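Asks: Here you go, sequence then predicted model.
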Amino acid sequence: MTSEVLKIENLKKVIGKRTIVSDISIELKEGEIFGFLGPNGAGKSTTIKMIVGLSKITEGNIYVGGCSVKEDFKGAMQNIGCIVENPDMYKYMSGLDNLKIFAKIYKDVDEARINEVIKIVDLERAINDKVKTYSLGMKQRLGIAQALLHSPKLLILDEPTNGLDPAGIKEMRELLRKLSSDTGLTVFVSSHILGEMQQMCDRVGIIHKGKIITIKSVEELLNMAQDDDKTILILQSDNNEKSVLLLSGINITSSLLGDGVHVETTKDRVPEIVTTLTSAGIAILGMDRQETQSLEDVFMKLTGEGK
Amino acid sequence: MSNFFTLVSIENTKLWKRLSTKVMLIIMILIIIIATGIYKYYNVSHKISNTTTISGNWKQDLQQSIILQKIQLKQVKNDTNRVAKTSIGSLEKTIAEGEYRTRNNIKPESNQNVWSRSTNFATNAGYSGIIALFVIISCSALVAGEFSEGTMKMMVSRPYKRFEILTAKLIATILYGLELLATTFLLNFIMLGIFFGFNGMGNNEMLWTSSKIVYIPAALKTITVFGLNFLQVLVYVIIAFSISAISRSRSIATGFSLFLLFVGSSIIQMLAIYFSWGKYLPLGMSNFSVFVTSGTIITGTTLAYAIGLSFIYSVIFCFVGYWVFEKRDI
């Protein structure tokens, strides 16, 4: 048995003549939260669908907890809990009935476990209501509940924060963090919203046009962005218009925006800016660095999209 | 294997949790109560007598009509018009019945027994068509409906083979069909018994097997007719099931199967009447109970042939449905 909870080997998917994804290789260790990042249509869902057996594998193989999806499908699926695309449940049933149905599939899931899971996702109040009355956030939580029922080794979530409000996203993030630290659950989560990944994941894999561009820890990726020391400063002064004019005099591009003057510069020129402005009699009220050091930039840089 | 039964029970739960499943059962019950009630009301208000008088020389009368029917049969057989030939089956059946009756000295019943009353009424009321309609609706909900509701991916990503999931769905629908059939059979029998009396429970009746007459308990004949009607339902359920698995569209599956049930089968039957190759087409002879209740319409076909042919076509439909479901990306 390998120690990897999920092992994807040279995965390839071809539909007709179109190659959807190719050369995907990912290994996930126990207790890790892995972010699978990519723009829409990059092949995230296709990859996930192949992991859970919804889509046939053209080439390569996938092992979940040591079981091959191709050869030992039942074994592999026993180790997986997942939500693919949307948390679609039986709308005409209550949340509890839905969970009962899925609980029947697995041997060791009893009433107590169902209640435990409902507690974990904090859905006790609405569990007897019909699913069609649920909000999207509640459906997501019910989806996670059904995925956790049989205490799988690997939890796969496809865009779990889709349609959630900021509070919901935060809750989801905390829940996943807690699950992985408390129970050693491995989480594979896909998203196209980079900010979420930054705060949630240990490692991130970036997929673009069907190929993995890089797999790195979140820290490593953030450092990549910092190499470049160009920053944008937000300057507030008693005369913003004049500041822009003065700065263009010393060859520094700046623009006047709602929250102040956005100055594009490098660190070593900051003292120069300050002297230029103060000597012209402008009182500087504040100067902040705009937070740009995010996955967003790394992503854009790596995929060559945007600038 | 126990695993597989769990899956069937899961599908069964899903089916019964749908409001429409319960509503359809209630509709079925209401239809039977109302239909038998109207029938009784009609009989009472028109003072239709329950009994018919059988004359003392019924045998001679019967022998005479057999002679006439034989002449008619000879004429029809020599007729070049294919439409005229449709009566061959029923003539053969009537002659065989008459001869069996005279030979074994079976006096016609003056009062129809409750079994044959319930068979006749069920056939005339077209219960099997209603059952087929309901089962087709629930079958396409269970198969195609899960695609459109997105829940199919919740089922496929489980420790089950795909064919197991599909088979469980088919079995759950067939069980529902059997439940509807049993309800119909019992309620129809009870209602007619209450309205017209439970007479002749232990009587025997003649059953036409497309080649000879067998003399069996009337109860068994009624069960046979209901069973044959259910086989007919099954053929259309399998069509709905396969189309559901292939098209993933609930409306296409329901619409197309119902079209075949109510219109398509008549068109194919017409083809089978006019052209000799028509009898190899599917569905033309899917109304199996006709073979025993009134004799075949398409010359040269028997009940066994009709069932065999439908079985082969059903296997083909099923195979295509399973094959597509097994291969497809969900």
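Replies: Good, I have the coordinates.

Asks: show me what contacts the closest residue to residue A:196 other than its chain neighbours?
Replies: Residue nearest to residue A:196 in three dimensions, not counting chain neighbours: residue A:161, with 5.5 Å by CB to CB, 6 or more residues apart in numbering or on different chains. Backbone N, C-alpha and C define where each C-beta goes, glycine included. Listed by CB atoms under 8 Å, 6 or more residues apart in numbering or on different chains, the contact set of residue A:161 reads A:168-169, A:172, A:191, A:193, A:196.

Asks: Show me what from the stretch 201-330 of chain B comes close to chain A.
Replies: Applying CB under 8 Å from any CB of the partner chain, we find that the stretch 201-330 of chain B lies next to chain A at B:327, B:329-330.

Asks: Can you tell me which of those are buried?
Replies: With burial judged by 16 or more other CB atoms under 10 Å in any protein chain shown, the buried subset of those is residue B:330.

Asks: Looking at the residues of the stretch 201-330 of chain B next to chain A, which one is closest to residue A:278?
Replies: Nearest to residue A:278 out of these is residue B:329 (CB to CB; 65.4 Å).

Asks: Can you give the contact residues for the helix or strand that contains residue B:271?
Replies: Per DSSP states H and E, residue B:271 falls inside helix B:265-274. Contacts to helix B:265-274, defined as CB under 8 Å, 6+ apart, come from residues B:82-83, B:85-86, B:278-279, B:281-287, B:297-298.

Asks: try 10 Å this time
Replies: B:82-83, B:85-86, B:232, B:235-236, B:259-260, B:277-287, B:297-299, B:301 (CB atoms under 10 Å, 6 or more residues apart in numbering or on different chains).

Asks: I'd like to know which of those residues are part of helices.
Replies: The helices, defined by DSSP state H, take in B:232, B:235-236, B:259 from the contacts of helix B:265-274.

Asks: pretty sure residue A:288 belongs to a strand, no?
Replies: Yes. Per DSSP: H, G, I helix; E, B strand; the rest coil, residue A:288 lies within a strand segment.

Asks: Need the nearest residue in space to it, chain neighbours excluded.
Replies: Nearest to residue A:288 is residue A:234, by CB to CB, 6+ apart, at 4.8 Å.

Asks: Which residues belonging to the helix holding residue B:271 are considered buried?
Replies: Buried residues in helix B:265-274 (16+ other CB under 10 Å): B:265, B:268-269, B:272-273.

Asks: Can you name the next helix or strand after it?
Replies: Following helix B:265-274 in sequence order, the next helix or strand is helix B:289-293 (DSSP H and E).

Asks: how much distance is there from that next one to the middle of the chain?
Replies: With CA atoms, centre = their mean, to the nearest Å as the basis, helix B:289-293 stands 9 Å off its chain's centre.

Asks: With stretch A:270-286 instead?
Replies: With CA atoms, centre = their mean as the basis, stretch A:270-286 stands 41 Å off its chain's centre.

Asks: Likewise for stretch B:254-265?
Replies: Counting by CA atoms, centre = their mean, stretch B:254-265 is centred 15 Å from the centre of its parent chain.

Asks: just stretch A:140-153 next, same as before
Replies: Centroid separation between stretch A:140-153 and its chain, computed with CA atoms, centre = their mean, is 18 Å.

Asks: What strands line up against the host helix or strand of residue A:26, and which way round?
Replies: Using DSSP H and E, residue A:26 sits in strand A:18-28. When pairing is defined by DSSP bridges, strand A:18-28 lines up against strand A:6-15 (antiparallel).
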